[in-house]
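**Student:** no sequence for this one, just the structure:
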């Protein structure tokens with residue numbers, strides 16, 4: 001019986017598409033490609049997610065090899081909140097799931113320096129019963145360690161959990177610890193796709 005539904009945040013409940021943001025805001029193609037490679041595609045980006053370095057350390061490290069200077073790199077990092085916005089069609093699933101009696105949790109790769117701003121600023125976090133972000137625990141998906149830590153923290157049984165993520169390897173990692181899951185592929189409206197699944201989960205209760 002499924003009792004708990006676990007959500008990834010990025011591109012499941014919160015849109016985060018830097019390339020689209022940069023293009024929409026008329027960044028030249030050459031500059032856009034540098035930003036995507038040197039910042040969003042950097043090893044420092046992953047280290048921030050994992051809580052291994054500070055934002056200042058990430059900026060300093062990127063600047064050593066990038067054609068962007070520290071001020072330009074810091075400016076882009078400061079735009080992260082602007083890039084994000086709730087995916088309303090997906091967020092609307094949360095109150096309905098609560099009404100059906102499911103416990104809701106989030107599990108996401110997220111840097112500490114902006115998570116509290118996101119959590120305090122987005123109303124839908126009130127529907128969650130708890131959650132973990134990678135930078136809090138120094139484990140990032142797809143490492144199974146972060147899934148095990150969530151299960152342990154909230155005393156959850158994997159066979160009673162269902163996990164939703166936009167990346168298939170993360171869903172596979174959840175499955176490896178006994179958690180069923182669904183890969184959204186980054187859909188901005190998963191309500192139709194999940195309707196049959198949610199109905200089936202509800203029937204199991």
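**Tutor:** On my side now, so go ahead. Because the structure is predicted, anything quoted here is derived from the model rather than measured. Numbers count the residues shown, from 1 in each chain.
**Student:** from the middle of its chain, how far away would stretch 34-41 be?
**Tutor:** 19 Å (CA atoms, centre = their mean, to the nearest Å).
**Student:** which residues does it contact?
**Tutor:** Identification of contacts with stretch 34-41 by CB atoms under 8 Å, 6 or more residues apart in numbering yields 18-19, 22, 27, 45, 62, 65-68, 73, 76-77. Bear in mind the C-beta positions are built from the backbone N, C-alpha and C, glycine included.
**Student:** now it: average pLDDT?
**Tutor:** Taken as a whole, stretch 34-41 has a mean pLDDT of 98.
**Student:** flag the shaky bits of this protein, pLDDT-wise.
**Tutor:** Scanning the chain for pLDDT under 70 picks out the ranges 201-205.
**Student:** gap between the residue in the chain sticking out farthest from the centre and residue 33?
**Tutor:** Among residues of the chain, the one most distant from the C-alpha centroid is residue 67; the distance is 28.7 Å, by CA atoms, centre = their mean. Between residue 67 and residue 33 the computed distance is 11 Å (CB to CB, to the nearest Å).
**Student:** got it, and residue 54?
**Tutor:** On the measure of CB to CB, residue 54 and residue 33 end up 26 Å apart.
**Student:** what of residue 24?
**Tutor:** 16 Å.
**Student:** of those two, who's got more company?
**Tutor:** residue 33 (14 against 10; other CB atoms under 10 Å).
**Student:** which helix runs longest in this structure?
**Tutor:** helix 191-204 (DSSP state H).
**Student:** can you list contacts of that helix?
**Tutor:** With CB under 8 Å, 6+ apart, helix 191-204 has contacts from 1-2, 5, 89-90, 92-93, 97, 100, 102, 162, 164, 182, 184, 187.
**Student:** which residues in this structure form helices?
**Tutor:** Using DSSP H, helices in the chain cover 18-24, 29-35, 43-49, 55-63, 70-77, 80-83, 88-91, 93-99, 112-121, 134-137, 144-153, 168-176, 191-204.
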